[in-house]
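> how would this look folded up:
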Amino acid sequence: MTNLTEFKRWENGISRMHFPKWEELPSLGLYVDQVAAVINEYLTSLGMEPLTKSMINNYVKKKTIQAPIKKKYAVNQIVDLLLIGFFKNTFTINDIRQGILQVTTKDYPKQAYDRFVEVLNARLRNEPIPTNPNFNSSNEQLMVLGIDAVLAGLKARYLLEIMTDSNETEED
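Now for the predicted structure:
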């Protein structure tokens, strides 16, 4: 199998990936182990680095996300962690926080996150982004550019990995 054939097969696999909208996330409070499991189900299916319990605890200590109430995390904290996990290999934590704050100043967190998911899922499937005239256009452009940067990095790393593995096999 050629490198590009393997890459296209991987790309086809991630095109079937579906990031959850707000309502699809658990609405009952979850403990940190459960939160990590939910988040990592989506991140690792894209080939992204999983979030560990200690990473999540550090985000709480550094006030990157709100602290859980009675050790239970709500949907808004799960959303923040999904976004951090998605963007963290491309952007700094401060940039991610600023982006979240920027987008949620003009649109409610639920609407902003659901729009992020619509854009991401369309980009994963290489489909046009569904229009939403009610969503702030500057925020949408910020999302599109951020998502494209992350996906381009993922794709480049995966293709490089295939090519490197292929070269090692040829040399053996």
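> show me where pLDDT drops low in this protein?
By pLDDT under 70, the low-scoring segments of the chain are 1, 168-172.
> In the longest helix along it, which residues are buried?
Identified as the longest helix of the chain according to DSSP state H is helix 137-171. Residues of helix 137-171 classed as buried by neighbour count (16 or more other C-beta atoms under 10 Å): 139-140, 143-144, 146-147, 150-151, 154, 158-159, 162. For the C-beta atoms, the positions are set from N, CA and C on the backbone; glycine is no exception.
> And for stretch 119-137?
Buried residues in stretch 119-137 (16+ other C-beta under 10 Å): 119-121, 123-124, 129, 135-136.
> Distance from the longest helix of the chain to the middle of the chain?
13 Å (C-alpha atoms, centre = their mean, to the nearest Å).
> just checking, what packs against it?
helix 3-15, helix 75-87, helix 93-106, helix 109-124 (3 or more C-beta pairs under 8 Å, 6 or more residues apart in numbering; DSSP states H and E).
> could you give the angle of it to helix 109-124?
Counting by axes from the mean of the first three to the mean of the last three C-alpha atoms, to 10 degrees, helix 137-171 lies at 40 degrees to helix 109-124.
> now helix 137-171 against helix 93-106, angle please.
Going by the same axes, to 10 degrees, helix 137-171 makes 150 degrees with helix 93-106.
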